[in-house]
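J.: Next come a sequence and a model predicted from it.
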Amino acid sequence: MTDRVRYLLGKQPARLLLIDQSAPITPDIGDNLCLALENVLALACNFTGPSRMPFFSVMVLQHYQPEVILPFSYVRNNFHRIQTALNDVHLRISESVNACKEASPSYFQAIAEACLLYRRQLQSTAQPGGFCQQLEIILLTCQSSSHVQRLVDTALASIDTQYLKRIQVVSLSCTGGWGMEDVDLDGSQSSLHSNDSSNASLSSLIEVINMEPEVLCLQNLFTGWLVDMGTDSEHLHILLPPCLNSGNAGVPLIVKCDVHERVFQPAQLPFYNQFTIHADSSSMKMVFPSTSKAMGISVPIYQLQVTSLVPVTAVCDSIVFDMPLVAKATACWKMEWDDLEKNHQLLIALCQALGKEEKAMVASLLPPSKPSHAVSQPDTIPQGRFLLVPFSDGTLLVKALATQELLLPYQPSHNVGSVTQDTHDLISESLQQLETLESYNPLDHSAGLFESLKGMGRNLSTQMQQKRPLEESCPLTNKIVVKGGRPAMKPAVVATVTRKHSELADTPLTKRIEHKTGSGAPRRTLYTQPHSMFYTEDNAAGGTRQQAHINAGQIRHGPSVVSFPSTL
């Protein structure tokens, strides 16, 4: 792609779970099925960010007529409704065990009803960008997988599969093994696809899986619904030095990959503070109103309960996440000197004992104590797991470990085959141009963060200077703003005029009363404000004309006109 962008979780299909309740299903299978569904959907309903499951629906199939238990519904923040539907499924499975065995259910009618239900939902829901335009049906059954596959393949020949992405047939073993149709003459278990999968009659839309009806197996299957299913673009480009002897000299050698998550990000779920002991990370969603209040925030004193030991080499790096932290002996000044020294000796002895056996400690994070003034908390709080790796300097490296709830299914690549000699030579020539380091020293590798931060600050300062007007060059009209934020079209005052000082204003009051003008003005003129020029009634007409000029938007320079009565 030239623009080097892709849509995140943009091709997640809507999923419909079709549960075959016909014999030989058992109550134990129903219990494990509903528990695994409830666990995975509880995760899906509480995820933040892009939706990993846009729509979900549940149908049951026991007789010839399929029944919709949960129509297509949004998954996020909808756990109560989904949980109610799962309770209904659990009840129906328990009741179907005591029912008499009837004829095989109609898979054709069930799949046709599922496709029709999805088309109705698609027409009634606005889908921006064409997303979620596919349906995936998961058929859970205890019947023979090859038998069900043939029935489904026959049904697809008469069904409109325009929006159908895949039908996943999951055959659950009731007695630890499958029917005779799934076992060859030597007694070996059938593969994921039946023996006649190569026949042209079988559709490529069908995928068959045989599994044990255990909670972890079912949970691993359902967790795969939360994985990014988009294949419209690659996720990662690895650029290697160009090969000089190839025809594309100077062009980097590009290896294109897809990136798959190994664990869920706990920051996208509630109770994130129970999966990290990094104080800033646990409170990073908080918005501090001021710097002083941010400095006074309180965080709990974490408690890690050691539960087991594990060899250091037996921990896979793919299940370690979050920020690594170094734990060393405390230097709290509130403790007695003897206690500090004893605590220091204990940590050194612990690291030496673990290092001698090359083992690390696995610990669980205990829930923080509930303050007396705190609001009500949930009945159960998760406990994250952490790995404590010892070092010879008397410190521990603390890492967060994935748990069962956070682990994503991993499917190893099965297409590893022989590589041509030309490909080997191409990679070897490219790798020979790279420098080999004895060790990685972070001090020798700069990411350019300092320069980027300083440049961002300089750009912000330049933008503020460009937006800030200069006081001395800004006219008065630019500062006149009326209500609503719009500038006045014809301001009443656009300029100021310095008035000439009147000597009469400084005359004592007795002298002003006795003053006579030669133009026939009133003998008594009242002055209430010094340093201002007033006119008498004789000049009132001029004041009226001036007010008319002001109302018309014209400018008139001169003193204001105020008239007073000729007699007191």
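T.: Nice, thanks for sending it over. For clarity, every value in this text was computed on a predicted model and none was experimentally measured.

J.: Which parts of this protein belong to which domain?
T.: For the chain, automatic domain parsing gives the domain ranges 14-226, 233-260, 266-289+301-368+381-401, 490-568.

J.: Give me the contact list for stretch 439-447.
T.: Applying C-beta atoms under 8 Å, 6 or more residues apart in numbering, stretch 439-447 has no contact partners. C-beta: built from backbone N, CA, C; applies to glycine.

J.: Mind doing that once more with 10 Å?
T.: Contacts to stretch 439-447, defined as C-beta atoms under 10 Å, 6 or more residues apart in numbering, come from residues Leu437.

J.: on that earlier part again, going by mean pLDDT, which of the domains of the chain comes out lowest?
T.: If you rank these by mean pLDDT, domain 490-568 sits at the bottom with a mean of 49.

J.: Tell me the spacing between the closest residue to Thr395 other than its chain neighbours and Asn441.
T.: The shortest distance from Thr395 to any non-neighbouring residue, by C-beta to C-beta, 6 or more residues apart in numbering, is to Lys328 (4.6 Å). Distance of Lys328 to Asn441, given as C-beta to C-beta, to the nearest Å: 22 Å.

J.: before we move on, what about Gly394?
T.: 23 Å.

J.: what do you get for Ile82?
T.: Plainly put, Ile82 is 51 Å away from Asn441 if you go by C-beta to C-beta.

J.: These two - which one has more neighbours?
T.: Taking neighbours as other C-beta atoms under 10 Å, Ile82 and Asn441 compare with Ile82 leading, 21 against 8.

J.: Could you pull up the contacting residues of that one?
T.: Leu37, Glu38, Leu41, Ala42, Ala44, Cys45, Phe56, Val58, Leu70, Ser73, Tyr74, Val75.

J.: Now go through these and say which are in helices.
T.: Among these, DSSP state H puts Leu37, Glu38, Leu41, Ala42, Ala44, Cys45 in helices.

J.: Helices along the protein, start to end?
T.: In the chain, the helices defined using DSSP H lie at 27-46, 79-97, 107-124, 145-156, 215-223, 279-282, 291-295, 337-357, 421-431, 449-467, 509-514, 540-551.

J.: which helices and strands sit right next to the longest one?
T.: In terms of contacts (3 or more C-beta pairs under 10 Å, 6 or more residues apart in numbering; DSSP states H and E), helix 337-357 is packed against strand 304-311, strand 359-365, strand 385-390, strand 396-401.

J.: Make TSV from those strands and add distance to Ser158 to it.
T.: Listed next are the helices and strands packed on helix 337-357 as TSV, based on distance: least, C-beta to C-beta, whole Å:
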stretch	distance to Ser158
strand 304-311	56
strand 359-365	55
strand 385-390	51
strand 396-401	51
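
J.: and of those strands, who's closest to Thr420?
T.: strand 304-311 (39.1 Å; C-beta to C-beta).

J.: That closest one: partners in the sheet, and parallel or antiparallel?
T.: Using DSSP bridges, the strands paired with strand 304-311 are strand 359-365 (antiparallel).

J.: what's next to the partner strand, contact-wise?
T.: Looking at strand 359-365 with C-beta under 10 Å, 6+ apart, the contacting residues turn out to be 273-277, 302-315, 350, 353-354, 381-390, 396-401, 403.

J.: Measure how it sits relative to strand 396-401, angle-wise.
T.: Interaxial angle of strand 359-365 relative to strand 396-401 (axes from the mean of the first three to the mean of the last three C-alpha atoms, to 10 degrees): 60 degrees.

J.: what about dumping the CA coordinates of strand 359-365 to PDB?
T.: C-alpha atoms of strand 359-365 as PDB (Å, rounded to 0.1, in the frame of the first residue of the first chain):
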ATOM      1  CA  LYS A 359      14.900 -19.700  39.800                       C
ATOM      2  CA  ALA A 360      12.500 -16.800  39.900                       C
ATOM      3  CA  MET A 361       9.400 -16.200  42.100                       C
ATOM      4  CA  VAL A 362       5.800 -16.000  40.900                       C
ATOM      5  CA  ALA A 363       3.700 -13.700  43.000                       C
ATOM      6  CA  SER A 364       0.100 -12.400  43.000                       C
ATOM      7  CA  LEU A 365      -0.900  -8.800  43.700                       C
END
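
J.: Give me the buried entries from the contacts of strand 359-365.
T.: 273-277, 302, 304, 315, 350, 354, 382-390, 396, 398-401, 403 (16 or more other C-beta atoms under 10 Å).

J.: ok, back up a step: need the helices of the chain in a markdown table with distance to Val255, can you?
T.: Output for these, formatted as a markdown table (distance: least, C-beta to C-beta, whole Å):
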| stretch | distance to Val255 |
| --- | --- |
| helix 27-46 | 33 |
| helix 79-97 | 41 |
| helix 107-124 | 38 |
| helix 145-156 | 37 |
| helix 215-223 | 28 |
| helix 279-282 | 33 |
| helix 291-295 | 44 |
| helix 337-357 | 38 |
| helix 421-431 | 9 |
| helix 449-467 | 27 |
| helix 509-514 | 100 |
| helix 540-551 | 78 |
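
J.: So which of the ones you listed is nearest Leu18?
T.: Short answer: helix 107-124, nearest of these by C-beta to C-beta, at 5.7 Å.

J.: what's the closest one packed up against?
T.: Packed next to helix 107-124, using 3+ C-beta pairs under 10 Å, 6+ apart, are strand 14-20, strand 55-61, strand 67-74, strand 135-141, helix 145-156, strand 164-172.

J.: partners of the last one in the sheet?
T.: Put plainly, it is strand 164-172. Strand 164-172 sits in its sheet next to strand 135-141 (parallel), strand 206-211 (parallel), going by DSSP bridges.

J.: Could you dump these into TSV and include distance to Asp422 and mean neighbour count?
T.: Putting the strands paired with strand 164-172 into TSV (distance: least, C-beta to C-beta, whole Å; neighbours: other C-beta atoms under 10 Å) gives the following:
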stretch	distance to Asp422	mean neighbour count
strand 135-141	40	23
strand 206-211	35	18
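
J.: Nearest to Val89, out of those strands?
T.: strand 135-141 (10.4 Å).

J.: quick one, that closest one and helix 215-223 angle?
T.: Interaxial angle, strand 135-141 versus helix 215-223 (the same axes, to 10 degrees): 160 degrees.

J.: what angle sits between strand 135-141 and strand 14-20?
T.: Here strand 135-141 runs at an angle of 20 degrees relative to strand 14-20 (the same axes, to 10 degrees).

J.: report the angle between the axes of strand 135-141 and strand 67-74?
T.: Interaxial angle, strand 135-141 versus strand 67-74 (the same axes, to 10 degrees): 140 degrees.
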